[in-house]
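> Sequence and predicted structure below; questions after.
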Amino acid sequence: MSDSSSRPRRSASTEPSQNLTDRVLARVRDAAVAVDRHTRATRPRVRRRSEPDRQSAEVGRTAEQLREARSLRRVFLDLGSCYRDYRRRTGAEVSPDVRDAAYRFRKELNVTSLVAVAASLDQLEALPW
């Protein structure tokens with residue numbers, strides 16, 4: 001009998017598995033719900049210093065594009081927390097693969113580059129999900 005909660009075995013392929021893509025997309029969908037909930041909040045949040053720069057970058061985007069970008073960014077920040085926890089636990093140095101994938105995500109800001117970040121963390125077994 002197999003344990004459905006156990007993590008699947010990784011293949012030798014460098015391509016992210018469909019399972020990992022599905023997990024990342026599920027996280028992005030959950031983040032989109034949180035972004036929507038945040039947007040509908042009645043009490044405005046305190047603005048951070050970088051907010052004007054972010055607003056200038058958001059000019060010309062549709063509401064759906066902004067929602068997707070915020071959702072992707074939220075999942076990316078969650079992955080960053082997972083990676084920092086992993087490094088704290090293991091004492092590992094920064095992985096060049098993770099760093100390169102993170103730079104690519106920041107530049108491209110799309111699902112494909114986010115899956116690449118998750119795949120590099122999954123290879124290190126740093127993902128709790």
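That came through fine. Residues are numbered from 1 along each chain as shown.

> where do the helices sit along this protein?
For the chain, helices defined by DSSP state H occupy the ranges 18-39, 51-58, 63-90, 96-108, 111-123.

> Figure out which of the ones you listed is closest to residue 129.
Closest approach to residue 129 among the helices of the chain (CB to CB): helix 18-39, 6.2 Å. (C-beta placed from N, C-alpha, C; glycine too.)

> Can you point out the buried residues in the closest one?
Across helix 18-39, burial judged by 16 or more other CB atoms under 10 Å covers 20, 21, 23, 24, 27, 28, 31, 32, 35.

> Tell me which other helices or strands that helix touches.
Here helix 18-39 touches helix 63-90, helix 111-123, going by 3 or more CB pairs under 8 Å, 6 or more residues apart in numbering; DSSP states H and E.

> Show me the contact partners of that helix.
With contact meaning CB atoms under 8 Å, 6 or more residues apart in numbering, helix 18-39 is reached by 8, 45, 67-68, 70-72, 74-75, 78, 111, 114-115, 118-119, 122, 129.

> how about 6 Å then?
67, 70, 71, 74, 75, 114, 115, 118, 119, 122 (CB atoms under 6 Å, 6 or more residues apart in numbering).

> Look at the third one and say how many residues are nearby.
Translated: residue 71. Under the neighbour criterion other CB atoms under 10 Å, residue 71 is assigned a count of 22.

> mind checking which helix or strand of the chain has the lowest mean pLDDT?
Of all helical and strand segments in the chain, the minimum by mean pLDDT, DSSP states H and E falls on helix 51-58, at a mean of 53.

> quick one on the thing from earlier: put together CSV for the contacts of helix 18-39, with pLDDT and distance to residue 105 on each row.
Converted to CSV, the contacts of helix 18-39 look like this (pLDDT from 0 to 100; distance: CB to CB, whole Å):
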residue, pLDDT, distance to residue 105
67, 92, 17
70, 94, 14
71, 96, 13
74, 97, 13
75, 98, 10
114, 98, 6
115, 97, 9
118, 97, 10
119, 97, 12
122, 96, 15
